[in-house]
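> Kindly generate the corresponding structure for this input.
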Amino acid sequence: MQQSLMHSNIKLLGDMLGKTISEAKGQDMVDLIETIRRLSKASHSGDIEAHKSLVKTLQNLKDEEFLPVARSFNQFLNLTNTAEQYNSISPHAQGAENPINFPAIYKKLKNANFSDSEIIKAIENISIDLVLTAHPTEINRRSLINNLNQVDHCLELLDHDDLAEHQKIQILQRLKQLIAQYWYTDEIRQNRPTPNEEAKWGYDAVENSLWAAVPAYLRELDEQIRNTIAYRIPIDARPIHFSSWMGGDRDGNPNVTAKVTHAVLLDSRKRAATLFLADIEILVKELSMATCTSEFRDYIKDYEIQEPYRELMKRLRTQLRNTIAYLDARIAGKNVELTDDILIHNEQIWEPLHECYKSLVACKMEIIANDKLLDTLRRVKCFGLTLVQIDIRQESTIHTETISEITRYLGLGDYETWSEEEKQAFLIRELNSKRPLVPNNWEPSPQTKEVLQTCKVIAETPEGVIPTYIISMTRTPSDILAVYLLLKEAECPYTLPVTPLFETLNDLNNSNGIMQQLFNISWYRGVIKNKQMIMIGYSDSAKDAGSIAAGWAQYRAQEALIKTCQDAGIALTLFHGRGGTVGRGGGPAKVALFSQPPGSLKDGLRVTEQGEMIRFKLGLPDLAIKTLSLYTDAILEANLLPPPAPKQEWRDLMDEMSDVSCDVYQGIVRKDPDFIPYFYQATPEAELARLPLGSRPAKRRPNGGVESLRAIPWIFGWTQNRLMLPAWLGAGEALQKVIDDGKIDTLKTMYKDWPFFGTRISMLEMVFAKADSRMSEYYDDRLVEEKYQGLGKKLRAQLESAIKSTLRISQDEYLMEGLPEIAENIAMRNIYTNPLNLLQVELLHRTRKDDEHSPELELALMITISGIAAGMRNTG
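Next up is the predicted model:
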């Protein structure tokens, strides 16, 4: 049974951890931890006396006891997550089935009267671009992630009925060693990672998981399609590819410089060449056949050699070795000549492999062609010689300040102060001009110099390696034209697409008007060649206006942009900047895609995979296969069976609820003078800044308030104290207003028949299941000045009211009634998360009172932050 498999694995890992702690810290410590666990379990079941005893036990801990207690609960939660993760891909879990199930989706489409040719066309149009970002939400160190991956591997080895006793003993011994390694390794890294290190972690995900997962997934999908309809996925198809922001995203991160981007681009090419070299080494060994076509002989220009395929693979091997040596020299800062035998373009590796493939198939050796060789061909299409494509991202005001500095230096006036019409006229004039704008011997300010050098790096990078330049906080058409001008000044030899990112409520509402203005500029229409990418920001809009208003603004903006682009004959790719949490647009992939407007996936899916979600969704080959399959199914279904467009009555209600929720949200977050001090006292936000999670600072502008705080620490803070405020604030009042107006039946219909609204309610239920009013109250009692505690009481009353309104619409008796397995997993984790919350409060109380506290208390505090993040299964 599924539960017994997962629970027996959790028990096995928990017992091993207990034995390790006993050996390291003695039985008294194990007894203390067990007492805390038992009291937490009873408290979670509603035993008030047990809760009081739990609080008292943790308040009475000696300073030296905090660290081992915090570590034990943190490690247990991470091991629990690993057992749950393995359970999701185990072939022996209850209800386990092949994660790829094309016949099921085919049957659904046939029942809806689609012809085979329509289904084949939809398959041909699949384009999934997953963008790996270095958002600092992955709280675990790389060494611990690798350790947990090994634990997962041991659980997989144990998941067999035919193990000999000695094999089982060996695996269990290995598991004990891994858990001991985990216990004796520091959970928290000492220093912040550099952007270069973050990029290397992204490459690790490719090397350790995706490199194997993508060809394995396409092989199985192709097999199922072939057995269902007369069609094969062409070998040159590129349904899946990966991009990255690591080393390219400089928005609010001064550590990402032109130099860093240049180094990351070289590193990714070297990693790709090394991986392809390993592939080619295998093909050198395996392609020993003698028979080939005369065309193949002509291609290799050798008519005598006995093993023609092997000969060509050896040549490719030499080229790859030379390429790695060339890149090593470039990375070391040497000026080396680019010779013909160095691989730069994907075609250079694709062509010889493809020639082998064609010859093998023609000589009736298809079974050989479709094995390792086909896998390598698929990798060339998916990853190419750059491994991942790297986006550049920068904030719009930086470009404005750059052009202003140029115009002031040239005596043309101050660009920044000009009207939008004047800016556009100037930019179009300069874009059409033959002469350069930036003088040669000019010494600009460091910021401007950095922008110009970044554009130079882009200009020196082959076309296609950097797929787009993203402008965050896009407000006007000139924001987009400005980047085209800066790239022209850098003498970029090709047109790099520029992607506007609309991320605040106002910007989302204005996005369609901005794009219409741009499409009316003939220079712009000529340059984009009827293709446009637009990024929708989920995190900042939710932080700006609350999740209901932001969600509706995102939906309406996408709808309007889809129509504008259709009317103009422009192929639109919507790029979704989702986070891992509901407050940042997260949620299950398939559900999230269905809640978008009809037509939003027509020209492909591009979506960010952020921080810890990379590990949970793509970190192991089987997990990656499951994720890719979910995305493929969702795209096929959403494009052929799109969700219904909302009725006018539903739209009107959403407009009303959006206004009500936004007023409530902003009334508290922006206008209540007690809110900011309450936020800083009731959450560990200030302490979070000391956690060396990522290379990026917590604030865009170092001196700003909550508005300049990045969405991640904002959500992270509220997740830690279990109020989960950004995901629900304002939602309860909005829903209740419509209920009070006698329209509850309409809301129930919207919940049932409109995926956008149904998803909103389901996500609220999941957030509410993780929220804990009693815990939030305890944070207030111990940490918040009395004068601000009234606000906490008010917020908790709003939370309870929002839960009641939500349950009335979903018609559930209790939270997550329709998803009992997820509810049970949340409840199980809460037993281990709650003691960490209580520990965190006590540690915050002690460390805030005493600036001179011990490093052990500081470390214990950081570990509670890490453990609660693991317990909530989503941090930022």
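> helix or strand for Gly792, which one?
Using DSSP states H and E, Gly792 falls within helix 786-810.
> Give me the helices and strands touching that helix, please.
Helix 786-810 sits against helix 648-669, helix 675-682, helix 725-728, helix 731-740, helix 744-753, helix 755-770, helix 773-783, with contacts defined as 3 or more CB pairs under 8 Å, 6 or more residues apart in numbering; DSSP states H and E. All C-beta spots, glycine's among them, are computed from the backbone N, C-alpha and C.
> how would you label the nearest residue to Val30 once chain neighbours are set aside: helix, strand or coil?
Counting by CB to CB, 6 or more residues apart in numbering, Val30 lies nearest to Ser22, which is 4.7 Å off, once chain neighbours are set aside. Following DSSP: H, G, I helix; E, B strand; the rest coil, we place Ser22 in the helix state.
> Could you report the separation of Ser22 from Lys602?
59 Å (CB to CB, to the nearest Å).
> Where does pLDDT dip in the stretch 551-700 of the chain?
579-589, 692-700 (pLDDT under 70).
> how about the helices in it?
Shown for the stretch 551-700 of the chain, the helices assigned by DSSP state H, counting those that start in this stretch span residues 589-594, 612-618, 621-640, 648-669, 675-682, 685-688.
> which residues sit against the shortest one?
The reference is to helix 685-688. Outside helix 685-688, the residues that touch it by CB atoms under 8 Å, 6 or more residues apart in numbering are 679-680, 698, 709, 713-714, 716-717, 720, 844, 847, 861-862, 865.
> Buried residues of that helix, list them for me.
Glu685, Glu687, Leu688 (16 or more other CB atoms under 10 Å).
> Which residue, neighbours along the chain excluded, lies closest to Gln424?
Using CB to CB, 6+ apart and skipping residues adjacent in sequence, the residue nearest Gln424 is Ser478, 5.4 Å away.
> no wait, Trp714
Nearest to Trp714 is Lys543, by CB to CB, 6+ apart, at 5.4 Å.
> same thing with Ile331?
Distance criterion CB to CB, 6+ apart; nearest residue to Ile331, sequence neighbours excluded, is Leu266 at 5.2 Å.
> pretty sure that neighbour is touching Ala332, no?
No: with contact defined as CB atoms under 8 Å, Leu266 does not reach Ala332; the gap is 10.0 Å.
> With neighbour numbers in mind, choose between those two.
Remark: of Leu266 and Ala332, Leu266 carries more neighbours, 15 against 8, as counted by other CB atoms under 10 Å.
> which stretch of helix or strand covers that one?
According to DSSP H and E, Leu266 maps onto helix 258-286.
> tell me what the helix or strand just after that helix is packed against?
Per DSSP H and E, helix 258-286 leads on to helix 294-300 as the next helix or strand towards the C-terminus. Under the contact definition 3+ CB pairs under 8 Å, 6+ apart, helix 294-300 sits against helix 308-331, helix 346-362.
> Asp780: neighbour count?
Residues near Asp780, counting by other CB under 10 Å: 25.
> residues contacting the closest residue to Leu79 other than its chain neighbours?
In space, and not counting its chain neighbours, Leu79 is closest to Leu13: 4.2 Å by CB to CB, 6+ apart. Counting by CB under 8 Å, 6+ apart, Leu13 makes contact with Phe76, Leu79, Thr80, Thr82, Ala83, Val151, Leu175, Ile179.
> Please spell out which residues along the helix or strand Leu13 falls within are buried.
Taking DSSP H and E as the definition, Leu13 sits inside helix 2-25. Residues of helix 2-25 classed as buried: 5-6, 9-10, 12-14, 16-18, 20-21, 25 (neighbour count, 16+ other CB under 10 Å).
> re earlier: show me which of the contacts of helix 685-688 are buried.
Neighbour counting with 16+ other CB under 10 Å marks 679-680, 698, 709, 713-714, 716-717, 720, 844, 847, 861-862, 865 as buried within these.
> which one in these is the model shakiest on?
Ranked by pLDDT, these bottom out at Ala698, which has 54.
> Low-confidence stretches in this protein?
Those would be 1-3, 95, 135-140, 579-589, 692-711, 874-876, if you go by pLDDT under 70 across the chain.
> If we use 50, what do you get?
Of all residues in the chain, those with pLDDT under 50 make up the ranges 1-2, 137, 580-586, 703, 875-876.
> Now do the same for the residue lying farthest from the centre of it: helix, strand or coil?
Most distant residue from the mean C-alpha position of the chain: Glu304, 52.6 Å away (CA atoms, centre = their mean). Classification of Glu304 using three-state DSSP returns coil.
> Distance of it relative to Ala290?
For Glu304, the distance to Ala290 - CB to CB - is 12 Å.
> ok, back up a step: need the helices and strands packed on helix 294-300 in CSV with distance to Phe519 and mean neighbour count, can you?
Putting the helices and strands packed on helix 294-300 into CSV (distance: least, CB to CB, whole Å; neighbours: other CB atoms under 10 Å) gives the following:
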stretch, distance to Phe519, mean neighbour count
helix 308-331, 40, 19
helix 346-362, 32, 19
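> from the middle of its chain, how far away would stretch 202-222 be?
17 Å (CA atoms, centre = their mean, to the nearest Å).
> hmm, back to that, the helix or strand hosting the residue nearest to Gln424 - contacts with which helices or strands?
When elements are defined using DSSP H and E, Ser478 is found to belong to helix 477-489. Counting contacts by 3+ CB pairs under 8 Å, 6+ apart, helix 477-489 is packed against helix 396-409, helix 420-432, helix 446-460, strand 469-472, strand 498-502, helix 505-519, helix 522-528.
> rerun at 7 Å
Identification of packing neighbours for helix 477-489 by 3 or more CB pairs under 7 Å, 6 or more residues apart in numbering; DSSP states H and E yields helix 396-409, helix 420-432, helix 446-460, strand 469-472, strand 498-502, helix 505-519.
> Lys434 is in contact with Lys488, correct?
No: counting by CB atoms under 7 Å, Lys488 does not reach Lys434; the two are 10.7 Å apart.
> Compare those two (neighbour count), which wins?
It is Lys488, of Lys488 and Lys434, that has more neighbours when counted by other CB under 10 Å, with 19 against 4.
> Return the residues in contact with the more buried one.
Leu431 (CB atoms under 7 Å, 6 or more residues apart in numbering).
> Please shift the residue numbers so they start at 42 in all later answers.
Okay, residue one is now 42; in that scheme the one you just asked about reads as Lys529.
> quick revisit: of all the helices and strands packed on helix 335-341, which one is nearest Thr605?
Among these, helix 387-403 comes nearest to Thr605, with 33.6 Å by CB to CB.
> Could you export the closest one as PDB, CA atoms only?
Provided in PDB are the C-alpha atoms of helix 387-403 (Å, rounded to 0.1, in the frame of the first residue of the first chain):
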ATOM      1  CA  ASN A 387      25.100  23.100 -32.600                       C
ATOM      2  CA  GLU A 388      25.100  22.100 -36.300                       C
ATOM      3  CA  GLN A 389      28.800  21.100 -36.000                       C
ATOM      4  CA  ILE A 390      27.900  18.300 -33.600                       C
ATOM      5  CA  TRP A 391      24.400  17.600 -35.000                       C
ATOM      6  CA  GLU A 392      25.500  17.000 -38.600                       C
ATOM      7  CA  PRO A 393      28.000  14.100 -38.100                       C
ATOM      8  CA  LEU A 394      25.700  12.300 -35.600                       C
ATOM      9  CA  HIS A 395      22.700  12.700 -38.000                       C
ATOM     10  CA  GLU A 396      24.800  11.300 -40.900                       C
ATOM     11  CA  CYS A 397      25.500   8.200 -38.800                       C
ATOM     12  CA  TYR A 398      21.900   7.900 -37.900                       C
ATOM     13  CA  LYS A 399      20.700   8.100 -41.500                       C
ATOM     14  CA  SER A 400      23.200   5.500 -42.700                       C
ATOM     15  CA  LEU A 401      22.400   3.100 -39.900                       C
ATOM     16  CA  VAL A 402      18.700   3.300 -40.600                       C
ATOM     17  CA  ALA A 403      19.200   2.900 -44.400                       C
END
